[in-house]
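Trainee: Build the 3D model from these lines:
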Amino acid sequence: MANDLLIRSLNIDWGIIPHDSYLRKIESLKDRDEIVFNAPVTFFAGENGSGKSTLLEGIAVAAGFNPEGGTRNYAFSTYDSHSTLHEAIRLIRGVRRIRTGYFLRAESFYNVATKEEEYSRQKGGRPQHYHEKSHGESFLAIARNHFSADGLYLLDEPEAALSPQRQLTLLLHINEYAKRGAQFIIVTHSPILLGTPDAEILSFDEGTVHPISYEETDSYRITSLFINQRERLLKQLLQEEEE
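Mentor: Sure thing, here's the model as predicted:
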């Protein structure tokens, strides 16, 4: 299975990273020089600030995507805030060529949607009018318009604008195209998306990147605890707040 992936693994050359770079302070990444992908769908899970989005951004830029998102044909910058990690990343590709793809960042999607309108008019295409849709509708429109076999899709917290029902719809799209040959690397806190069948989950907690099961993720454990023991959990939290 791994040999058939578009990206089989990546190497990080820390000799390229400046000694005073904040990248060297990210616990999960600072001693990591290789990450291997073992499934068509890989999730990056973990607490905020653990390095998930930083690594995903580095992979995206190393693969030829615009740092703010979009396809590999997008070339614009509204605010240059991405790290230099991509300069140290070498992607080990599989035998199949990456023919298409998309980098979705929830935090910069407004800028991408604006450029989508401009690019479509310049090329004589049909603008998708993402600004006329809700964020959730726009995210699912990207799945419908851009997902295909032999595509690489890097999604950073795609659940941000999606209801639970729409998250299930996105899960179905991901599962369908993964079976057809696409590869997904996704940063998420969603216990719904993390449940995608046969996906690999890499945790960035505990100071290292390591595989965990679905049931071991905080997203699953905390959501399950809240649903099954909501009253007891809230009582405990409210008491601690008052103290």
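
Trainee: Quick one: low-confidence residue ranges for this protein.
Mentor: The model of the chain has pLDDT under 70 over residues 1-3, 73-82, 107-136, 242-243.

Trainee: So which residues of it form helices?
Mentor: When assigned using DSSP state H, the helices of the chain occupy the ranges 52-62, 85-88, 109-122, 135-146, 164-179, 218-228, 230-242.

Trainee: Could you identify which of those is most buried?
Mentor: Greatest average neighbour count among the helices of the chain goes to helix 52-62 (a mean of 23), per mean count of other Cβ atoms under 10 Å. The way it works is simple: take the backbone N, C-alpha and C, and place the C-beta from them, glycine included.

Trainee: CA-only coordinates of stretch 63-74, as PDB, when you get a sec.
Mentor: Output in PDB follows, covering the C-alpha atoms of stretch 63-74 (Å, rounded to 0.1, in the frame of the first residue of the first chain):
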ATOM      1  CA  ALA A  63       5.000  20.000  -2.900                       C
ATOM      2  CA  GLY A  64       4.500  23.200  -4.900                       C
ATOM      3  CA  PHE A  65       1.400  24.700  -3.300                       C
ATOM      4  CA  ASN A  66       0.900  28.300  -2.500                       C
ATOM      5  CA  PRO A  67       1.400  28.900   1.300                       C
ATOM      6  CA  GLU A  68      -2.000  30.400   1.700                       C
ATOM      7  CA  GLY A  69      -3.800  27.600  -0.100                       C
ATOM      8  CA  GLY A  70      -5.400  26.700  -3.400                       C
ATOM      9  CA  THR A  71      -4.100  24.500  -6.300                       C
ATOM     10  CA  ARG A  72      -0.500  24.300  -7.400                       C
ATOM     11  CA  ASN A  73      -1.400  27.000 -10.000                       C
ATOM     12  CA  TYR A  74      -2.100  29.600  -7.400                       C
END
